[in-house]
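Asks: following is a predicted model, sequence given first.
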Amino acid sequence: MDFSAVLAETIGEGRALPPPPEWAEPPVDLAERARRAMYEVSDPEFAISLADLGLIYGVSADETIGVVTVELTFTAMACPCTDFIKWDVRDRLLREPGIERVDVEVVWHPPWTTARISARGRRILEDAGIALIT
Amino acid sequence: MAEEGKYSKAADLPEELREHLGALILVLADNKRLLGMRYSDWILGAPALEAGIACSAMAQDEWGHGRIFYAMLRDFGQDPNQLEHRRESPEYRSIELLDGPADGWTDLLALNLLLDSALSVQCEAMAESRFEPVHYKVSKLLDEERFHFEHSRGWVARLGSTESGREAMRRAFAPAWEVCVRWFGPDDDEVARALCDGGLTDKDAAGLRARWLERVAPVVESVGLGLAEADGGAWRSRVAPAWDEWDSDVRRGREGGPDADTLVRVRGDKNRSLLMD
């Protein structure tokens, strides 16, 4: 049985993310655009972007064929949201002009810890009333 | 591209090592999958709400680790879907202790301290493995395992503060100890030796058992369970492993496997039609 249609209808809208950072320079290439887009993909549990949460380990692109590769990790090896996060990353990037295919590679090294949350991410979590134990 | 002296994929490994490592990964996958199920049995009905929640978190960790190990076997030419959902009982590589449910909280605690630590010791031995796919996953896994050990240590101390608690632990821990102390294989186990010599693990069977004893013996002897004794600077098991029925390939006794109910649940038979990957 294919559940994708059901899931697409039932996932619903997440809470609004804080606006992405204001960039001083326009994006120089596809990889940079893709990297910045990761500030627009929300963690499914908290209203913080994957980039601010420190889950994005690398973004590269082959501009000639429009393939973007995202290396990302999860907060836990049995993160219950892995599929949602991968789908959301693909969904966002495929809306970016010039991207035809998105490869998501899950990596576990170096292990994610709260130390990988950006300063901006910490402020976002604090504003949401979430204290970090480091 | 692998660094010099490292292997980035199974096909790069010498044939014998590839076989041994593939077998070890399946042993870890099966044990973690089944241990996760045993933890999940105690999410409701643990002696304290917090203990139930801890079991839920530990079950989640073990299932995550199991899934990652099964997925790794694709590179060894195996089909993870078949391994996870379509095998029969004798094909499982899980330890005897997981064949049926943990009947009491002290039985579960024995799994939590003795078996979970044994699995972590085996994983820790691969932290600097020359096989990169393992090396790059183990540190996260061990990070997650730290609280499993703390959980078991806390509960042993808590139950160990009363004579009835110590007596219940003596009954539950003795059989679990016997099986876990054997699980690393004989001191001269050739498979463990080959993996260590090949740089895929950092200790042979004797070294792994010593590391496990160093971790669990002080805990069980802090409440006087009589399973280990300090021998100079090292810990020694007071129970000698029984090797007559031991099968090194499957890391358990030759006969048996998960019971019928366990098998149906661990394979997810009821939800087979909902499988998404």
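Replies: Received the coordinates, thanks. Residues are numbered from 1 along each chain as shown, chains lettered A, B, ... in the order given.
Asks: got the CA positions of the longest helix along chain A in PDB?
Replies: Identified as the longest helix of chain A according to DSSP state H is helix A:82-94. What follows is helix A:82-94, C-alpha atoms only, in PDB (Å, rounded to 0.1, in the frame of the first residue of the first chain):
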ATOM      1  CA  THR A  82      13.800  11.000   9.900                       C
ATOM      2  CA  ASP A  83      11.500  10.500   7.000                       C
ATOM      3  CA  PHE A  84       9.600  13.700   7.500                       C
ATOM      4  CA  ILE A  85      12.800  15.700   7.700                       C
ATOM      5  CA  LYS A  86      14.200  14.100   4.500                       C
ATOM      6  CA  TRP A  87      10.900  14.700   2.700                       C
ATOM      7  CA  ASP A  88      10.800  18.300   3.800                       C
ATOM      8  CA  VAL A  89      14.400  18.900   2.700                       C
ATOM      9  CA  ARG A  90      13.600  17.500  -0.700                       C
ATOM     10  CA  ASP A  91      10.400  19.300  -1.000                       C
ATOM     11  CA  ARG A  92      12.000  22.700  -0.300                       C
ATOM     12  CA  LEU A  93      15.000  22.200  -2.500                       C
ATOM     13  CA  LEU A  94      12.900  21.000  -5.500                       C
END
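Asks: buried ones in that helix, by neighbour count?
Replies: For helix A:82-94, the neighbour count (16 or more other C-beta atoms under 10 Å in any protein chain shown) marks A:82, A:84-90, A:92-93 as buried. Just so you know, the C-beta spots here come from the backbone N, C-alpha and C atoms, and that holds for glycine as well.
Asks: how many residues are close by the residue of chain A found nearest chain B?
Replies: The nearest approach of chain A to chain B comes at residue A:78, 2.4 Å away (C-beta to the nearest C-beta). A count of nearby residues for residue A:78, using other C-beta atoms under 10 Å in any protein chain shown, gives 19.
Asks: does residue B:92 touch residue B:257 like I think?
Replies: Yes. With contact defined as C-beta atoms under 8 Å, residue B:92 and residue B:257 form a contacting pair (4.9 Å).
Asks: which one of those two is surrounded by more residues?
Replies: More neighbours surround residue B:92 than the other of residue B:92 and residue B:257, with 27 against 20 (other C-beta under 10 Å).
Asks: ok, now how distant is the more buried one from residue B:172?
Replies: 23 Å (C-beta to C-beta, to the nearest Å).
Asks: hang on, residue A:61 is in a strand, isn't it?
Replies: Yes. Counting by DSSP: H, G, I helix; E, B strand; the rest coil, residue A:61 falls inside a strand.
Asks: residues contacting residue 100?
Replies: Picking chain A for this. By C-beta atoms under 8 Å, 6 or more residues apart in numbering or on different chains, the contact list for residue A:100 reads A:65-67.
Asks: um, chain B though
Replies: Residue B:100 touches B:258-259, B:262, counting by C-beta under 8 Å, 6+ apart.
Asks: on that earlier part again, possible to save the buried residues of helix A:82-94 as JSON lines with distance to chain B and pLDDT?
Replies: Formatted as JSON lines, the buried residues of helix A:82-94 follow (distance: C-beta to the nearest C-beta, whole Å; pLDDT from 0 to 100):
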{"residue": "A:82", "distance to chain B": "9", "pLDDT": "89"}
{"residue": "A:84", "distance to chain B": "12", "pLDDT": "88"}
{"residue": "A:85", "distance to chain B": "14", "pLDDT": "94"}
{"residue": "A:86", "distance to chain B": "11", "pLDDT": "95"}
{"residue": "A:87", "distance to chain B": "12", "pLDDT": "93"}
{"residue": "A:88", "distance to chain B": "17", "pLDDT": "94"}
{"residue": "A:89", "distance to chain B": "17", "pLDDT": "97"}
{"residue": "A:90", "distance to chain B": "15", "pLDDT": "96"}
{"residue": "A:92", "distance to chain B": "21", "pLDDT": "96"}
{"residue": "A:93", "distance to chain B": "21", "pLDDT": "97"}
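Asks: give me the common contacts of residue B:92 and residue B:257.
Replies: With C-beta under 8 Å, 6+ apart, residue B:92 and residue B:257 have common neighbours residue B:263.
Asks: and the residue of chain B nearest chain A?
Replies: residue B:64 (2.4 Å).
Asks: excluding residues flanking it in the chain, which one is nearest that residue?
Replies: Excluding the flanking residues, the one nearest residue B:64 by C-beta to C-beta, 6 or more residues apart in numbering or on different chains is residue A:78, at 2.4 Å.
Asks: I figured residue A:58 hits residue A:51, correct?
Replies: No. Residue A:58 lies out of contact with residue A:51 (C-beta under 8 Å); the separation is 11.7 Å.
Asks: higher neighbour count, these two?
Replies: Neighbour count, other C-beta under 10 Å: between residue A:58 and residue A:51, residue A:51 has more, with 22 against 12.
Asks: confirm that residue B:63 sits in a helix.
Replies: Yes. Assessed by three-state DSSP, residue B:63 belongs to a helix.
Asks: please identify the helix or strand for the closest residue to it other than its chain neighbours.
Replies: Sequence neighbours aside, residue B:36 is the residue nearest to residue B:63 in space, at 4.2 Å (criterion: C-beta to C-beta, 6+ apart). Using DSSP states H and E, residue B:36 falls within helix B:15-40.
Asks: buried residues in that helix?
Replies: Within helix B:15-40, the residues scored as buried using 16+ other C-beta under 10 Å are B:17-40.
Asks: where do the strands sit along the stretch 151-277 of chain B?
Replies: With DSSP state E, counting those that start in this stretch as the criterion, the stretch 151-277 of chain B has strands at B:228-231, B:234-237, B:246-247, B:252-253.
Asks: which of the ones you listed sits most buried?
Replies: Looking across these with neighbours counted as mean count of other C-beta atoms under 10 Å in any protein chain shown, the highest average goes to strand B:252-253: a mean of 20.
Asks: pairing partners for it, with directions?
Replies: Paired with strand B:252-253 in the same sheet, following DSSP bridges, are strand B:246-247 (antiparallel).
Asks: roughly how far is the strand it pairs with from the heart of the chain?
Replies: In terms of C-alpha atoms, centre = their mean, to the nearest Å, the centre of strand B:246-247 is found 16 Å from the chain centre.
Asks: burial measure for residue 99, as a count.
Replies: Just so you know, I chose chain A. Burial of residue A:99 is recorded as 20 neighbouring residues (other C-beta under 10 Å).
Asks: wrong chain, I was asking about chain B
Replies: Neighbour count for residue B:99, taken as other C-beta under 10 Å: 17.
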